[in-house]
Structures are given as C-alpha cells and as structure tokens.
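Q: coords below, sequence missing:
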C-alpha cells in the first residue's frame, strides 16, 4: 500500500532479506524483534546472544514462515528502509510480564504496534507515522478493534534509534489516547479502529 509516498508491505518469507537489511546483520544487537514475543527477559537475552546467528533470528524467521505476517516493511524507491511489528497483543506474552505495560484492561481485539526500526538514511522523514498508518489499516483488516502503542513520552532530542517504540507526541498527532500510565515516561496508548 502507498502511504505518504512510501510503499509499505507485510513481511513475508520472500521479504525476510529486506527485514535483515533494515535491522542490520546483527538484528539490532541480536533482538530480531523478539523482545515482546519472548516469554521473559532472560529467554530474550539468551536468544539475543550471537547477533547475526542469534536464536532470536531463527525464532523470528519461524514466525514469519508460519504466518500471518508479524509486521510491515517500508520501502523508498524499492529499497527497504523501515520496519514495524504489528500483531495481536495476545501473541506477545512479554507485554503481560512488563512492569510498564501489564494491564487489567480488556485485550481482546487489541493489536500491538510495538517496535519501529528506521534506517539512519531515512530518519526524520516521518516513517514512524507512515508505518503506524499502515499498521492501523492491516490491524483493522484482520478484525482488530484497537491498535495499542507503548511510546516514550519525552521532548528530549534522544537519537531515534534508542526510542524503538516511538515518541508519544507522534501517536497523539495520529489520534491515539493514553489508556494507562504505570510510569511517567511510558504511556500505553490506543487508537480505536
């Protein structure tokens, strides 16, 4: 789909190399976008060891192969430049174990937009918003009633690569509302679809 001049496509096995291009050969220090999917921080940490050969890479590749798509790749002129993970919240047990994002709120029909990676060449061009808009379309098509995000609430000029969940101000502009705040800097926000 075309969003604000960028092409955004679901991650499929045929696009796994594009995912690797966006995350880099070490998969963002061995994370391979498994942090919230792993059952515990210890499980994730052990899976991250080895970077390019990390168990997390193999586990995430298995999720992609099994389907449905666990996220979206953004392209500029055919080149992969951004990534976001979007899937049902119930598929991410790490959120229930999180001190910031565990919740008593209803999670049925809630999808999570939990991670963003944008290549340094394209930072500052609104790719988080582009990916979030595409994620809302995909989640709604899959029957989600809400899309949930876990941004950092800051006006700091912290480098975007260290804020992998996005900034709260970005999601406020897109119509998301705070539904829970267990830490001052980590709101949980939802968009009704």
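A: Nice, I can see it. Since this is a predicted model, take the numbers as computed values, not measurements. Numbering: from 1, shown residues only.

Q: ramachandran coordinates for residue 119?
A: phi -60, psi 150 (degrees, to the nearest 10).

Q: now it. Nearest residue, chain neighbours left out?
A: By the measure of CB to CB, 6 or more residues apart in numbering, the closest residue to residue 119 outside its immediate chain neighbours is residue 81, 4.9 Å from it. All C-beta spots, glycine's among them, are computed from the backbone N, C-alpha and C.

Q: could you do residue 173 as well?
A: Of all residues not flanking residue 173 in the chain, residue 129 sits nearest, at 7.4 Å (CB to CB, 6+ apart).

Q: and the next helix or strand past the longest helix along the chain?
A: For the chain, the helix with the greatest residue count under DSSP state H is helix 127-141. The C-terminal neighbour of helix 127-141 among helices and strands, as given by DSSP states H and E, is strand 146-149.

Q: what pairs with that next one, parallel or antiparallel?
A: strand 110-118 (parallel), strand 187-192 (antiparallel) (DSSP bridges).

Q: quick check: the residue nearest the centre of the chain vs residue 189, distance?
A: In the chain, the C-alpha nearest the mean C-alpha coordinate belongs to residue 115, at 2.4 Å (CA atoms, centre = their mean). Using CB to CB, to the nearest Å, we find residue 115 at a distance of 15 Å from residue 189.

Q: give me the residues contacting stretch 30-44.
A: When contacts are taken as CB atoms under 8 Å, 6 or more residues apart in numbering, the neighbours of stretch 30-44 outside the stretch itself are 23, 27, 47-51, 54, 56-57, 59-60, 63, 70-71, 83, 85, 91-95, 97-98, 112, 114-115, 117.

Q: over to stretch 55-73?
A: Outside of stretch 55-73, the residues that reach it under the criterion CB under 8 Å, 6+ apart are 8-13, 15-16, 18-19, 22, 27, 30-34, 37-38, 44, 46-49, 80, 82-87, 115, 131, 134-135, 138, 142.

Q: sounds good, over and out.
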